[in-house]
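[1] next one to model:
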Amino acid sequence: MGERQGTKRRKNDLILLTVVVLAGLALTAAYYASRMGGADAAELTVVVRQDGEVTATYPLAQDGSYTIVSEDGVNDLVIEDGAAWIEDADCPDQLCVKQGKIRYAGDSLICLPHSLVVEITGSDELALDGVTK
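    Okay, the predicted model is just below:
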């Protein structure tokens, strides 16, 4: 009777593992589908802020290269194929360059040495998780 019980237990473990894996795959697929099903690049804007002030806005759907000059240095912003990134900067750590491409509303690139924030805004911004005072 112990062998039969062990076989049944392994079968139940396999069923549980299969359910957990399928649930994980379904959640992953839903997450990526929601990101891909959001606003297209035509509805999104790249906003450039220096020292907290908006200095430029560009449509994400329009390819272009822009040099952003501040008192602290220079950043080269590229917008191409629905993505934006800092291609080159004269800051010492190059973290803004290493951040890679952004393409969804709410994504941002930050260059602390130059007090620069590049953010994508638009209609597919995620809902607020909470409100703080």
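[2] now do the closest residue in space to Arg103 that isn't next to it in sequence against Asp107, distance only.
    Closest residue to Arg103 apart from its sequence neighbours, by CB to CB, 6 or more residues apart in numbering: Ala83 at 4.4 Å. Placement of C-beta: from N, CA and C, glycine included. Distance check for Ala83 against Asp107: by CB to CB, to the nearest Å, it reads 9 Å.
[3] quick one: the strands in the chain?
    Using DSSP state E, the strands of the chain run over residues 44-50, 53-59, 64-69, 74-80, 83-89, 108-111, 116-122.
[4] which residue lies nearest the spatial centre of this protein?
    Relative to the mean C-alpha position of the chain, the nearest C-alpha, by CA atoms, centre = their mean, is the one of Asp107, at 4.6 Å.
[5] OK, contacts around that residue?
    When contacts are counted by CB atoms under 8 Å, 6 or more residues apart in numbering, Asp107 is found next to 119-120.
[6] equivalent analysis for Leu95, please.
    When contacts are counted by CB under 8 Å, 6+ apart, Leu95 touches 110-112.
[7] next, count neighbours for the nearest residue to Val117 once chain neighbours are set aside.
    Of all residues not flanking Val117 in the chain, Arg49 sits nearest, at 4.5 Å (CB to CB, 6+ apart). Residue crowding around Arg49 was assessed by other CB atoms under 10 Å; the count is 17.
[8] many thanks, I have nothing further to ask.
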